[in-house]
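Engineer: Test case, fold it:
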Amino acid sequence: MTVTSMPQPTLPAQRVPAPGEEAEDVILGVDTHKDIHVAAVITTLGASLAQLEFPATAVGYRQLLSWARSFGVLHRAGVECTGSFGAALTRVLRQEGVDVVEINQPDRATRRKRG
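Structural biologist: Modelled structure (predicted):
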């Protein structure tokens, strides 16, 4: 039997810390496109919390940031194509004190050859 992928655990969305409890650190990942950005929030241990699409506009960037912060403290984000489709989002995140790491797109030709 061949296992092709492992299921990712999904935690309850938007867990609100109890009074006096510190919010958990979370990490944002964004797959950028011309008209929309697909964002995902994970815990520092890699558990998926949520995924949602946002318009690639100034308003959409603010919505994305607010949404991501609703899951915990956001210090880091991985953004695809920070020099093109993700450039404006990267600027907004950095202005808000979020460290941004560029995520490279996989090579399409290689990906297609592997199925």
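
Engineer: okay, which residue is most central for this protein?
Structural biologist: Nearest to the mean C-alpha position of the chain, counting by Cα atoms, centre = their mean, stands G29 at 2.1 Å.

Engineer: Doesn't that one lie inside a strand?
Structural biologist: Yes: if the criterion is DSSP: H, G, I helix; E, B strand; the rest coil, then G29 is within a strand.

Engineer: where does it land on pLDDT?
Structural biologist: In this model, G29 is scored at 96, pLDDT.

Engineer: Same question for V3.
Structural biologist: pLDDT, read off for V3, is 47.

Engineer: Distance of the nearest residue to Q63 once chain neighbours are set aside relative to L64?
Structural biologist: Closest residue to Q63 in three dimensions, ignoring its sequence neighbours and counting by Cβ to Cβ, 6 or more residues apart in numbering: F54, at 5.5 Å. The C-beta positions use only the backbone N, C-alpha and C, and glycine is treated the same way. Using Cβ to Cβ, to the nearest Å, F54 is found at 4 Å from L64.

Engineer: who's more crowded, the two?
Structural biologist: For F54 against L64, the residue with the higher neighbour count under other Cβ atoms under 10 Å is L64, and the figures read 24 against 20.

Engineer: Which phi and psi values does R91 adopt?
Structural biologist: Phi and psi for R91, reported as degrees, to the nearest 10, are phi -60, psi -50.

Engineer: For it, the count of nearby residues, please.
Structural biologist: Look at R91: counted by other Cβ under 10 Å, it has 13 neighbours.

Engineer: Ok, V26 next?
Structural biologist: Under the neighbour criterion other Cβ under 10 Å, V26 is assigned a count of 22.

Engineer: cool, the one 5 residues further on as well?
Structural biologist: As a burial measure, D31 scores 19 neighbours (other Cβ under 10 Å).
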